[in-house]
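Undergrad: generate a structure from the sequence data that follows.
(one chain, ligands or ions: 2)
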Amino acid sequence: MSLPATVVTPPLVDQVDIVIPTIRSLDFLEQWRPFFQPYHLIIIQDGDPSIKIRVPEGYNYELYNRNDIERILGSKSCCVSFKDGACRSFGFLVSKKKYIFTIDDDCFVAKDPSGQEINALAQHIRNLVTPSTPFFFNTLYDPYREGADFVRGYPFSLREGVTTAISHGLWLNVPDYDAPTQLVKPRERNIRYVDAVMTIPKGTLFPMCAMNLAFDRELIGPAMYFGLMGDGQPIGRYDDMWAGWCAKVTCDHLGLGVKTGLPYLSHSKASNPFVNLRKEYKGLFWQEDLIPFFLNVTLPKECTTAQKCYIELSKLVKEKLVAIDPYFEKLSDAMVTWIDAWNELNPSTDGTPTGKVQPSKPK
Ligand SMILES: O=c1ccn([C@@H]2O[C@H](COP(=O)(O)OP(=O)(O)O[C@H]3OC[C@H](O)[C@H](O)[C@H]3O)[C@@H](O)[C@H]2O)c(=O)[nH]1
Ligand SMILES: [Mn+2]
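TA: Ligands and ions are numbered 1, 2, ... in the order given. Next up is the predicted model:
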């Protein structure tokens, strides 16, 4: 199937990997073809590795299943979740690109109020290559956007902004509600399109959802670990929340920005709220203690990279969160394993040899 003639030159096509966790089907890629086909995909096949999944024709991709993860990481594979969307972290690890866009396999192209199809990836790239304003809120939202600017009273000393590390997109149709909310509002759909991109202020946390998410892998990749979730773990569906809290305190410490808002996509799958409740219920309690923990985290000035911040965070998790549940000791250790795996697979600035990875043979 040829791309429509209207496709514009894909931005940063050699600097972006699209990471997709899947335990279902990749048919959704047909609808994204005009926007995604020029880009390289990293597909993380979760669940039974003996199942053959079909990747739509014409895409350039790497496909990793559980056997590949264990072959590549060896004993370190224990830090990659199994039977949870958190497995997508592995794609962040093996990518060699500057930017990551991660999307779920039940997310489709949305239309803006004018009826125009939204190129979510292009908007994320615009968000990432333009500065953020975490130190002072601009009431006209994104000041770097065409037709907007800083409002009166905005300090000129802050108008340069800071480098953006994360771009958090939103969803029309099925919103990312937790299980209790889904249970009481099973038919609620998000139809509100808010035409805005905002920087999340320094010192403020946010519930990062991985359905429609992009980030600068070189700046914040080591902090984007989705934790230990799913099979064998006491919690699930808090993968992106954990990564978002760790990444936000890391961005705040390093002076990097996090944006939320445009782009929208259309989320189609309403997962089963009863199943979700069983997976996430501990998180509903734990987060009441986790949020104050993250809000009170201070990192030493020697932590000048995401890796160093993350190792420091892992120590604080072990010291302060094990009282909530012994799980956090295991999670703290997994955070260290993750950084070891990251450093092993990614070239350090002094050129230390990189672990070579081989994906499964294309199906
Ligand atoms: O065991 C699994 C379950 C799912 N996946 C893949 O992860 C993606 C999200 O799965 P799903 O659409 O079922 O999750 P939701 O209920 O819509 O909500 C999640 O959205 C993603 C967030 O990270 C968080 O987990 C929830 O908010 C999808 O691509 C599945 O195929 C998997 O790989 N293994
Ligand atoms: Mn979904």
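Undergrad: next to ligand 2, which bits of the chain? Give me the list.
TA: Within reach of ligand 2 by CB under 5 Å from the ion, the chain has these residues: 104, 106, 269. Every residue, glycine included, has its C-beta placed from N, CA and C.
Undergrad: apply 6 Å and report the result again.
TA: For the chain, the contact set with ligand 2 under CB under 6 Å from the ion comprises 104, 106, 267, 269, 271.
Undergrad: check contacts around the second one.
TA: I take that to be D106. 24, 28, 267-269 (CB atoms under 8 Å, 6 or more residues apart in numbering).
Undergrad: ok, so what distance separates the residue nearest to A334 when sequence neighbours are not counted from F293?
TA: Counting by CB to CB, 6 or more residues apart in numbering, A334 lies nearest to C79, which is 4.3 Å off, once chain neighbours are set aside. Distance of C79 to F293, computed by CB to CB, to the nearest Å: 21 Å.
Undergrad: between these two, who's got more neighbours?
TA: Each of C79 and F293 has its neighbours counted (other CB atoms under 10 Å); C79 has more, 27 against 18.
Undergrad: find me the pLDDT at that one, would you?
TA: For C79, the pLDDT comes out at 98.
Undergrad: do the same with L73
TA: For L73, pLDDT reads 98.
Undergrad: run a quick check on it versus V80, I expect a contact.
TA: Yes. L73 is within contact range of V80, at 6.8 Å (criterion: CB atoms under 8 Å).
Undergrad: between those two, what contacts are shared?
TA: F90.
Undergrad: which of those two has more residues huddled nearby?
TA: Ranked by neighbour count (other CB under 10 Å), L73 and V80 place V80 first, with 28 against 23.
Undergrad: just checking, the more buried one touches I69?
TA: Yes. Using CB under 8 Å, V80 is in contact with I69, at 5.3 Å.
Undergrad: now do the same contact list for the spatially closest residue to T337 that is not a sequence neighbour.
TA: Distances taken as CB to CB, 6+ apart place C79 nearest to T337, at 4.1 Å, with adjacent residues excluded. Neighbouring residues of C79 by CB under 8 Å, 6+ apart: 73, 225, 228, 334-335, 337-338, 341.
Undergrad: please redo it, this time with the cut-off set to 7 Å
TA: 334, 337-338, 341 (CB atoms under 7 Å, 6 or more residues apart in numbering).
Undergrad: same thing with P234?
TA: P234 neighbours (CB under 7 Å, 6+ apart): 282, 325, 327.
Undergrad: from those residues, pick the one nearest ligand 1.
TA: Ligand 1 lies nearest to K282 out of the contacts of P234, by CB to the nearest ligand atom, at 14.6 Å.
Undergrad: packing partners for the helix or strand harbouring the closest one?
TA: According to DSSP states H and E, K282 maps onto helix 273-295. Applying 3 or more CB pairs under 7 Å, 6 or more residues apart in numbering; DSSP states H and E, one finds that helix 273-295 makes contact with helix 179-184, helix 239-254.
Undergrad: quick one, which of those gets closest to ligand 1.
TA: helix 239-254 (4.1 Å).
Undergrad: could I get that closest one in CSV with only the CA atoms?
TA: Once non-C-alpha atoms are left out, helix 239-254 reads as follows in CSV (Å, rounded to 0.1, in the frame of the first residue of the first chain):
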residue,chain,number,x,y,z
ASP,A,239,4.4,0.9,35.5
ASP,A,240,4.1,4.2,33.8
MET,A,241,3.1,5.9,37.1
TRP,A,242,6.3,4.7,38.7
ALA,A,243,8.4,5.8,35.8
GLY,A,244,6.7,9.2,35.6
TRP,A,245,7.3,9.9,39.3
CYS,A,246,11.0,8.9,39.1
ALA,A,247,11.5,10.8,35.8
LYS,A,248,9.8,14.0,37.0
VAL,A,249,11.9,14.3,40.1
THR,A,250,15.0,13.6,37.9
CYS,A,251,13.9,16.2,35.4
ASP,A,252,13.3,18.7,38.2
HIS,A,253,16.8,18.0,39.6
LEU,A,254,18.5,18.2,36.2
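Undergrad: show me what that helix is packed against.
TA: strand 164-173, helix 217-220, strand 257-267, helix 273-295, helix 306-320.
Undergrad: can we see that at 6 Å?
TA: For helix 239-254, the packing partners by 3 or more CB pairs under 6 Å, 6 or more residues apart in numbering; DSSP states H and E come out as helix 306-320.
Undergrad: could you give the mean pLDDT of the helix it packs on?
TA: Averaging pLDDT along helix 306-320 gives 98.
Undergrad: figure out how far the following helix or strand past that helix is from the centre of its chain.
TA: Going down the chain from helix 306-320, the next helix or strand is helix 327-345, by DSSP H and E. The chain centre lies 17 Å from the centre of helix 327-345; the measure is CA atoms, centre = their mean, to the nearest Å.
Undergrad: thinking again about what came up before, farthest-separated two in the contacts of D106?
TA: R24 and H267 (13.7 Å; CB to CB).
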